[in-house]
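J.: I would like to see how this sequence folds:
(one chain, ligands or ions: 2)
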Amino acid sequence: MIDDPQTTRRQKRREKRIQNSRRQCHCCRQTFMFCWRCRCGFAICQACMHENAWGMTCNGITWTCPDCGGQNGYGNQ
Ligand SMILES: [Zn+2]
Ligand SMILES: [Zn+2]
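T.: Ligands and ions are numbered 1, 2, ... in the order given. Reported below is the predicted structural model:
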């Protein structure tokens, strides 16, 4: 008799890992290689940040998170 353990083998693909390394913009819901991030988890892409800059920053040095109201630096990422 021959035992063949490979007859029960399973194949799984995990393509979600690719998206894990990217950031999803909380504004437009698209994923980007780079997003501005807040410590609370909020993320926004460069395009949305540019569009909303008038409401999120008043000095061009820091931006205010709309979720938690925290201040984040513009140039330290
Ligand atoms: Zn966006
Ligand atoms: Zn925040």
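
J.: output the lowest mean pLDDT helix or strand found in this protein.
T.: Among the helical and strand segments of the chain, the one scoring lowest on mean pLDDT, DSSP states H and E is helix 16-20, with a mean of 52.

J.: give me the neighbour count for the residue nearest to residue 68 when sequence neighbours are not counted.
T.: Nearest residue to residue 68 in three dimensions, chain neighbours excluded: residue 40, at 4.2 Å (CB to CB, 6 or more residues apart in numbering). Glycine gets a C-beta too; all of them are placed from N, C-alpha and C. Burial of residue 40 is recorded as 12 neighbouring residues (other CB atoms under 10 Å).

J.: tell me who's in contact with residue 40.
T.: Residues in contact with residue 40, defined by CB atoms under 8 Å, 6 or more residues apart in numbering, are 65, 67, 68, 70.

J.: report the two of the residues you listed separated the most.
T.: Across the contacts of residue 40, the two members that end up farthest from each other (CB to CB) are 67 and 70, 8.3 Å apart.

J.: what is in contact with these two at once?
T.: Taking CB under 8 Å, 6+ apart as the contact definition, residue 67 and residue 70 share the neighbouring residues 38, 40.

J.: re the thing from before, next structured bit after the least confident helix or strand of the chain?
T.: Per DSSP states H and E, helix 16-20 leads on to strand 23-24 as the next helix or strand towards the C-terminus.

J.: what strands line up against that next one, and which way round?
T.: Partners of strand 23-24 in the sheet, by DSSP bridges, are strand 31-32 (antiparallel).
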